[in-house]
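In: no letters, just coordinates:
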């Protein structure tokens with residue numbers, strides 16, 4: 001992650017402008033941006049790295065219920081929403097970048113089975129920061145994480161969501 005300055009500078013925005021600019025970083029969860037702004041922003045948060053740390057702390061420190069809301073706001077990887085074209089622009093780009101739009105019929109069936117098994121066990125969708133991965137690595141991650149206990153998996157999902165947010169902030173600075 002670079003130390004490029006975000007423009008406009010987050011620390012110089014009022015709450016409405018900040019939430020307008022960064023409220024979509026966390027999938028359908030503008031409250032993360034609202035709380036980050038309310039906690040106070042300094043010049044340290046004018047870089048993608050600094051803002052990602054501030055926003056990530058908000059999510060890590062949120063109640064388990066609020067964390068689950070954010071996790072559940074994420075779409076299934078290679079799921080029905082992707083097939084129907086119902087993903088956010090960021091999610092569409094991220095999934096396509098990992099080649100999930102090029103799955104074979106067999107891979108799609110495997111994704112569907114794993115998505116269903118994961119949601120049945122944990123009550124939320126599998127979340128992974130897929131940048132730099134491919135569909136084979138993602139399927140392997142599903143298999144590795146399915147045996148986790150629900151508390152550990154919720155924490156893992158939150159860290160993955162924070163990685164996604166950091167990538168999105170880096171993209172905004174580019």
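Out: Cool, the structure landed. Everything numeric here is computed off the predicted structure, so don't read it as measured data.

In: return the list of helices and strands in contact with the one helix or strand residue 65 maps to.
Out: Residue 65 belongs to helix 64-72 when assigned by DSSP states H and E. Helices and strands touching helix 64-72, by 3 or more CB pairs under 8 Å, 6 or more residues apart in numbering; DSSP states H and E, are helix 150-173. Yep, even glycine has a C-beta here, placed from its N, CA and C like the rest.

In: can you find the helix or strand in the chain with the smallest mean pLDDT?
Out: helix 80-83 (a mean of 64; mean pLDDT, DSSP states H and E).

In: quick one: buried residues of the helix or strand following it?
Out: The helix or strand immediately downstream of helix 80-83 is helix 89-97, counting by DSSP H and E. By neighbour count on 16 or more other CB atoms under 10 Å, the buried set for helix 89-97 is 90, 91, 92, 94, 95.

In: got it, and stretch 108-125?
Out: So for stretch 108-125, counting by 16+ other CB under 10 Å, buried means 108, 110, 111, 114, 115, 118, 122, 124, 125.

In: export the residues you listed as CSV, with columns for distance to residue 21 and secondary structure.
Out: Below are the buried residues of stretch 108-125 laid out as CSV (distance: CB to CB, whole Å; DSSP: H, G, I helix; E, B strand; the rest coil):
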residue, distance to residue 21, secondary structure
108, 36, helix
110, 38, helix
111, 33, helix
114, 35, helix
115, 32, helix
118, 33, helix
122, 32, helix
124, 27, coil
125, 26, coil
